[in-house]
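Engineer: I need the structure of the sequence given here:
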Amino acid sequence: MLLELLYRFQEMERKEEELEKSLKALPQFKELKRIKERFNQSKKKLETTKEVHANISRRLKKAEHQVSGLEDNQKELSRLLYAGTIKNSKELENIEQQINILSEQISRISDEIIIMMDEKESVEKELSELELELKKEYQKFNKLKLQYNQVKLNLEQEMKSIEEDKKKLLLELDNKTLTWYKENKEKFKGTPVAKVMENHACSGCRTIIPITIVKEARTFPGSIYCEKCSRILYAPEIK
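Structural biologist: The predicted model follows:
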């Protein structure tokens, strides 16, 4: 009777481990990890692209401000040139040269502004695409997470039920038996107790157990071991 209880306890623990592995091996779990990784990568790229956009915007604003200032200076020099208040030809020639220099500067910076505007437009398009991609990944993640949570809940409820049954069994198992089980569990990869199947095979190593050994295992439960794998044999009566 004690060996039967121990075998049941062992199978409950084995089932628990299988459920835990199943939980981690769920396709939804793996896909959620992949989506999260892609999401984080896209998020980092979005932040970097936003910084690039902000930098271009600052440069563009600075360039436009420069052009505005240069144009104001040019207008003032043009006013002086044609106001008739300056009669000295040298001074007039100098003003004309300054106006020409300003025109060249305005033209050069204006060309840079056009390039920056193109860059800004390209970056804004990339930002829009990244934001859309993030939105889709977020929606996909949430949808899949709902599915995963439902499957997870079912598995956890099953594990909880097993845990409650284990607690009941523990009340019937003595400390000596449990100590032996814990000491041998790792050695036999979680199954120190082997059940003799209906075809007389050992559940641990699948070796066929001689009928005489099977009878001994039934007569002296807890005293007979598999000759091949050394697991203790539990041989229930076939009903």
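
Engineer: same for the helix or strand containing Glu18, what does it pack against?
Structural biologist: According to DSSP states H and E, Glu18 maps onto helix 2-25. Contact partners of helix 2-25 among helices and strands, from 3 or more C-beta pairs under 8 Å, 6 or more residues apart in numbering; DSSP states H and E: helix 89-170, helix 175-185, strand 193-195, strand 232-234. C-beta here means a position set from N, CA and C on the backbone, and glycine is covered the same way.

Engineer: contacts for the last one, please.
Structural biologist: In this case it means strand 232-234. Residues from elsewhere that reach strand 232-234 (C-beta atoms under 8 Å, 6 or more residues apart in numbering): 3-4, 6-7, 192-196, 202, 209, 213-214, 217, 221-222, 224-226.

Engineer: between the helices and strands packed on helix 2-25, which one is nearest to Leu77?
Structural biologist: helix 89-170 (5.1 Å; C-beta to C-beta).

Engineer: mind giving me the packing neighbours of the closest one?
Structural biologist: Contact analysis of helix 89-170 by 3+ C-beta pairs under 8 Å, 6+ apart lists helix 2-25, helix 27-83 as its packing neighbours.

Engineer: rewinding a little: pull out the buried members of the contacts of strand 232-234.
Structural biologist: Among these, those buried by neighbour count (16 or more other C-beta atoms under 10 Å) are 3, 6-7, 192-196, 202, 209, 213-214, 217, 221, 224, 226.

Engineer: I'd like to know which of those is nearest to Asn88.
Structural biologist: Closest to Asn88, out of all of the buried ones among the contacts of strand 232-234 and judged by C-beta to C-beta, is Pro192, at 112.0 Å.

Engineer: so who does that closest one touch?
Structural biologist: Pro192 makes contacts with 10, 180-181, 184-185, 231-232, as judged by C-beta under 8 Å, 6+ apart.

Engineer: repeat that with 10 Å
Structural biologist: 6-7, 10, 180-186, 204, 229-232 (C-beta atoms under 10 Å, 6 or more residues apart in numbering).

Engineer: save the helices and strands packed on helix 89-170 as JSON lines, and put in distance to Leu153 too.
Structural biologist: Output for the helices and strands packed on helix 89-170, formatted as JSON lines (distance: least, C-beta to C-beta, whole Å):
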{"stretch": "helix 2-25", "distance to Leu153": "11"}
{"stretch": "helix 27-83", "distance to Leu153": "12"}
